[in-house]
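Student: Just a sequence and a predicted model for now, questions to come.
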Amino acid sequence: MLKKLDRYWEPAHGGALHPTVSTAAGLGYAGQSETRKGYTGYEKDAESGLDFAQARYYNSVHGRFTSVDPLTASATIRNPQTFNRYTYVLNSPYKFTDPLGLIPETTGACGNRCRNSDGGGGGFVGLYSDYGSTIVIADEQQAEPPTPPPAPANYYISRNGTITVQGTSNSYSSYYIEDSNSPTGFRWLANREHNEAGLVYFPDELDFFSRYSTKDAGGKNNGVDHGKGDHYINPLVAAALFGLAAVLKDTHGIHMSFGDMSADNGSDPWQKGFKDHKGHGHSGRSGLDVDFRYIGKDSKAFHGTMNSNNFDHAKNETVFKVAQTFGFTENYRGSVSLSGARYEAGHDDHGHLGFSLKPTNVVYR
């Protein structure tokens, strides 16, 4: 069985399959006639009767994977909000699922983007592309229930970047920042309620940070529900953001101003008349990303671009440097080079902080 599948592995990436017809043909893989549209869209192994889904096998009859996902343990421990057992498949049950390979019935939500035949794009019925994710519009029940959102906890934020997470019987999460003047070593910052998406609303301002821009109204656009609001975030990421802002203010005199995060349902923020803010909710990045205004020479956030005379290069590098200690490692900046951030178009007027999917600064008690 393994010998049969050797030709699908690409050593440089640890193994990958290409389900679309055009890509498969170009690389000498199986043609469309051998590719089941079923659950994953990958070729069925004739000897085992299973679907080969890159890193493991899937049984479409029982609606279960037959081997352990190597990412499971670390994902569960490190980031339960974004834990996803279906990273390797196209037809994710976190959207819709068709585990038996039945032709799905469209709900009308995707409009004319739904495929009504086996033609095009690899011949998948009812699939359409949505910001890098392939979604199936179907009425089938999920094969497995989604991973529950993170439970409320007490977050103790040390100024060296370490975040200690302790369980609580409260219905909300509480946040504490390291303070040498407190008899316990930490002082209380805020309590935050969890919403149905497992996110918390990050405060608009405290004495060491503020927000910029008006709140996005949200709504539905092109079949995508963008919820409402723009300041919702993963509870753990909220702790990291509190810590980052506190250290920047108390140690470096920098006052941060934060913008878009995620909508209340975990989607990208959006409102009528504007484009949705990609990268702040889709593709497994729900509640993990934060925008901020660049820092000026007076150590305050300013409304302008990084090419402005007011832009302070050293202070903005300090922001990214401290952010990395708190677990923000997926960071972007505009056309001016800054250590700790990669270039991304459209970021000359604001920086982007992205929390790691596998942070190393978090301790669970």
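Tutor: In hand now; what should we look at?
Student: Check the burial of residue 180 by counting its neighbours.
Tutor: Taking other C-beta atoms under 10 Å as the neighbour definition, residue 180 ends up with a count of 8. Placement of C-beta: from N, CA and C, glycine included.
Student: how close does it sit to residue 187?
Tutor: Note on residue 180: its distance to residue 187, by C-beta to C-beta, to the nearest Å, is 10 Å.
Student: Point to the helix or strand of the protein where mean pLDDT is at its lowest.
Tutor: When the helices and strands of the chain are scored by mean pLDDT, DSSP states H and E, strand 127-130 comes last with a mean of 40.
Student: phi, psi of residue 249?
Tutor: According to degrees, to the nearest 10, the main-chain angles of residue 249 amount to phi -70, psi -50.
Student: my read: it touches residue 208, true?
Tutor: Yes - the criterion here is C-beta atoms under 8 Å, and residue 249 meets it with residue 208 at 3.8 Å.
Student: so what sits against both of those two?
Tutor: When contacts are counted by C-beta atoms under 8 Å, 6 or more residues apart in numbering, residue 249 and residue 208 are jointly contacted by 255, 256.
Student: residue ranges of the helices in the protein, please?
Tutor: In the chain, helices defined by DSSP state H lie at 21-26, 72-78, 235-252, 313-325, listed in chain order.
Student: Highest mean neighbour count out of these?
Tutor: When those are scored by mean count of other C-beta atoms under 10 Å, the highest mean neighbour count falls to helix 235-252 (a mean of 23).
Student: Any idea how far apart the tips of stretch 328-343 sit?
Tutor: Criterion C-alpha to C-alpha, to the nearest Å; first-to-last residue distance in stretch 328-343 is 15 Å.
Student: Quick one: mean pLDDT over it.
Tutor: Mean per-residue pLDDT for stretch 328-343: 96.
Student: Buried residues in it, which are they?
Tutor: Neighbour-count burial for stretch 328-343, with 16 or more other C-beta atoms under 10 Å as criterion, is recorded at 328, 329, 330, 331, 332, 333, 334, 336, 338, 340, 341.
Student: Also stretch 257-272?
Tutor: Burial within stretch 257-272, assessed by neighbour count using 16+ other C-beta under 10 Å, is assigned to 257-271.
Student: of all those, which comes closest to residue 304?
Tutor: Nearest to residue 304, judged by C-beta to C-beta, of the buried residues of stretch 257-272 is residue 257 at 12.2 Å.
Student: Quick one, grab the pLDDT at that closest one.
Tutor: Reading off the model, residue 257 has pLDDT 97.
Student: Return the residues in contact with it.
Tutor: With contacts defined as C-beta under 8 Å, 6+ apart, residue 257 is in contact with 209, 210, 211, 212, 292, 293, 300, 301.
Student: Next, format those as TSV and append distance to residue 157 and pLDDT.
Tutor: Written out in TSV, the entries for the contacts of residue 257 read as follows (distance: C-beta to C-beta, whole Å; pLDDT from 0 to 100):
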residue	distance to residue 157	pLDDT
209	14	97
210	19	96
211	19	94
212	23	92
292	18	97
293	23	97
300	23	97
301	21	97
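Student: I'd like the residues you listed laid out as TSV, including distance to residue 218 and neighbour count.
Tutor: Output for the contacts of residue 257, formatted as TSV (distance: C-beta to C-beta, whole Å; neighbours: other C-beta atoms under 10 Å):
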residue	distance to residue 218	neighbour count
209	23	23
210	22	17
211	17	21
212	18	16
292	21	24
293	22	21
300	29	17
301	24	24
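Student: Which two among the buried residues of stretch 328-343 are spaced furthest apart?
Tutor: Largest separation among the buried residues of stretch 328-343 by C-beta to C-beta: 329 and 336, giving 19.9 Å.
Student: Export stretch 166-179 to PDB, keeping only CA atoms.
Tutor: Coordinates of the C-alpha atoms in stretch 166-179 are reproduced here as PDB (Å, rounded to 0.1, in the frame of the first residue of the first chain):
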ATOM      1  CA  GLN A 166      -4.900  28.700  35.100                       C
ATOM      2  CA  GLY A 167      -8.400  27.300  35.100                       C
ATOM      3  CA  THR A 168     -11.300  29.100  36.800                       C
ATOM      4  CA  SER A 169     -14.900  28.300  37.800                       C
ATOM      5  CA  ASN A 170     -15.900  31.800  36.600                       C
ATOM      6  CA  SER A 171     -17.900  32.300  33.500                       C
ATOM      7  CA  TYR A 172     -15.400  34.900  32.200                       C
ATOM      8  CA  SER A 173     -11.600  35.200  31.800                       C
ATOM      9  CA  SER A 174      -9.600  37.500  34.100                       C
ATOM     10  CA  TYR A 175      -6.300  39.200  33.200                       C
ATOM     11  CA  TYR A 176      -3.500  40.100  35.500                       C
ATOM     12  CA  ILE A 177      -0.300  41.900  34.700                       C
ATOM     13  CA  GLU A 178       3.000  41.600  36.600                       C
ATOM     14  CA  ASP A 179       3.400  44.400  39.200                       C
END
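Student: Name the residues of it that come out as buried.
Tutor: Going by neighbour count (16+ other C-beta under 10 Å), the buried part of stretch 166-179 is 173, 174, 175, 176, 177, 178, 179.
Student: Lovely, talk soon.
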